[in-house]
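> Take this sequence and fold it.
(one chain, ligands or ions: 2)
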Amino acid sequence: MSTTSIGVIGGSGLYEMEGLEDVNHVTVTTPFGAPSDEFITGVLNGVRMVFLPRHGRGHRLLPSEVNYRANIHGMKQLGVEQIISVSAVGSLKEAIAPGHIVIPDQFIDRTKGIRKDTFFGDGIVAHAGFADPVCHLLSDVLYSAAINAGATVHKGGTYICMEGPAFSTRAESFSYLGLGASVIGMTNLTEAKLAREAEICYGIIALSTDYDCWHDSHEDVTVEAIIQIIHQNVAMAKNIIRQAVASIATERSCSCGSNMQHAIITDRAAITDDVKQRLDVIAGRYL
Ligand SMILES: CSC[C@H]1O[C@H](OP(=O)(O)O)[C@H](O)[C@@H]1O
Ligand SMILES: Nc1ncnc2[nH]cnc12
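Ligands and ions are numbered 1, 2, ... in the order given. Below is the predicted model of the structure:
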């Protein structure tokens, strides 16, 4: 069995992973604070897995309150090299109906600087390449897995990441259509940025749950409607994960594992021991 693991971050409606063997609940501490919950480790069809519910069990954390840094740091500590994010999103395209799956490959940032989206700062500066913000190989696997699971799936698309927690105004929703975005959510961009800095592959299974509030023949988005669509599709989402895990190559051939090689600009002589210690798990080999 490989020594590395595949991580799954479960979003709204996905708070556990079924079918794991050899299950352990692991409490992880990090220099960036506490993760959303205990990590669940186990084995799925011979592959090591690490699962974390993004908003905590019981869905206790707002999108702005999730400690994304601690979540990604914990994944890295547990040997995760590839993260599958499962998320609920609003659709910004007629063709992406509720119940469809999207594998987004781009982002637009509408967060407000409340959440920490970098491991760097406080004595060390790095600028990660982020033109292609998700792992294209992992995304290909997720797309094929969604097809095999019988989903209607859209490959590629831009995910608008808003701060929330309130949903968008109608004027905002129309403005996002004008930007050509495909879906809207409140979480994935922050995770993708941190996964990139941690040199972890990141790919997204996004379940379209609503048409936000731009569609004149659909009700405006509500939590109730989102939960209903999630419940109708949770078995399919779990099936996509199972299919994907069976075909993910544990030896990576993408560039995600060396993305930060030239990203740190700070003079190494100016990096203090404190900073080195804080960044050890994330970037220790470059310090
Ligand atoms: C439950 S409605 C809004 C909520 O759902 C999405 O969460 P996640 O990305 O964790 O599935 C969205 O981003 C909001 O946080
Ligand atoms: N319409 C929407 N806006 C933001 N996040 C969402 N998650 C699911 N639907 C959403």
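
> Tell me, what's the model's pLDDT at the closest residue to ligand 1 within the chain?
Using C-beta to the nearest ligand atom, the closest approach of the chain to ligand 1 is made by residue 11 at 2.3 Å. Using the backbone N, CA and C atoms, a C-beta is placed for each residue, glycine as well. At residue 11, the model reports a pLDDT of 97.

> and the lengthiest strand in the chain, does that touch ligand 1?
Ranked by residue count under DSSP state E, the longest strand found in the chain is strand 80-91. Yes - contact between strand 80-91 and ligand 1, assessed by C-beta under 6 Å from any ligand atom, occurs at 87, 88.

> on contacts alone, who are the packing partners of that strand?
Judged by 3 or more C-beta pairs under 8 Å, 6 or more residues apart in numbering; DSSP states H and E, strand 80-91 is in contact with strand 5-10, helix 136-148, strand 183-185, helix 188-197, strand 201-210, helix 223-247.

> can you dump the C-alpha coordinates of stretch 38-54 into CSV?
What follows is stretch 38-54, C-alpha atoms only, in CSV (Å, rounded to 0.1, in the frame of the first residue of the first chain):
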residue,chain,number,x,y,z
GLU,A,38,-11.0,15.3,14.0
PHE,A,39,-9.6,13.8,10.9
ILE,A,40,-11.0,10.3,10.0
THR,A,41,-8.3,8.1,8.6
GLY,A,42,-9.0,4.7,7.0
VAL,A,43,-8.6,2.5,3.9
LEU,A,44,-10.9,2.5,0.9
ASN,A,45,-10.4,-0.4,-1.6
GLY,A,46,-6.8,-0.7,-0.5
VAL,A,47,-6.1,3.1,-0.7
ARG,A,48,-5.2,5.2,2.4
MET,A,49,-7.8,7.9,2.9
VAL,A,50,-8.1,10.9,5.2
PHE,A,51,-11.6,12.6,5.6
LEU,A,52,-12.5,15.9,7.1
PRO,A,53,-15.9,17.6,7.3
ARG,A,54,-15.1,21.2,6.2
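
> What residues sit buried inside it?
For stretch 38-54, the neighbour count (16 or more other C-beta atoms under 10 Å) marks 38-42, 44, 47-54 as buried.

> swap in stretch 272-287?
275, 278, 279, 281, 282, 283.

> which residues are contacting the helix or strand that contains the second one?
For residue 278, the host element (DSSP states H and E) is helix 273-283. For helix 273-283, contacts defined as C-beta atoms under 8 Å, 6 or more residues apart in numbering pick out 30-31, 73, 76-77, 119-120, 122-124, 126, 197-198, 260, 264, 284, 287.

> Now, of the residues you listed, which are buried?
By 16+ other C-beta under 10 Å, these give 30, 73, 76, 77, 119, 120, 124, 126, 197, 198, 260, 264 as buried.

> and those, which of them are in helices?
Counted as lying in helices by DSSP state H, out of the buried ones among the contacts of helix 273-283, are 73, 76, 77, 197.

> Return the residues in contact with the third one.
Residues counted as contacts of residue 77 (C-beta under 8 Å, 6+ apart) are 28, 30, 281.

> and it, how far is that from residue 270?
Distance, residue 77 to residue 270, using C-beta to C-beta, to the nearest Å: 27 Å.

> if we can go back for a sec, how about the closest residue to the residue of the chain closest to ligand 1 other than its chain neighbours, what does it touch?
In space, and not counting its chain neighbours, residue 11 is closest to residue 87: 4.0 Å by C-beta to C-beta, 6 or more residues apart in numbering. Applying C-beta under 8 Å, 6+ apart, we find residue 87 in contact with 11, 12, 185, 187, 188, 204, 205, 206, 207.

> Identify the bridge partners of the residue nearest to the spatial centre of the chain.
Of all residues in the chain, the one closest to the mean position by C-alpha atoms, centre = their mean is residue 85, 3.8 Å from it. Listed beta-bridge partners, residue 85: residue 9, residue 204 (assigned using DSSP bridges).

> ok, it to ligand 2 distance?
Distance, residue 85 to ligand 2, using C-beta to the nearest ligand atom, to the nearest Å: 13 Å.

> Got the phi and psi for the nearest residue in space to residue 165 that is not next to it in sequence?
Excluding the flanking residues, the one nearest residue 165 by C-beta to C-beta, 6+ apart is residue 62, at 5.1 Å. Backbone torsions for residue 62, taken as degrees, to the nearest 10, come to phi -60, psi 160.
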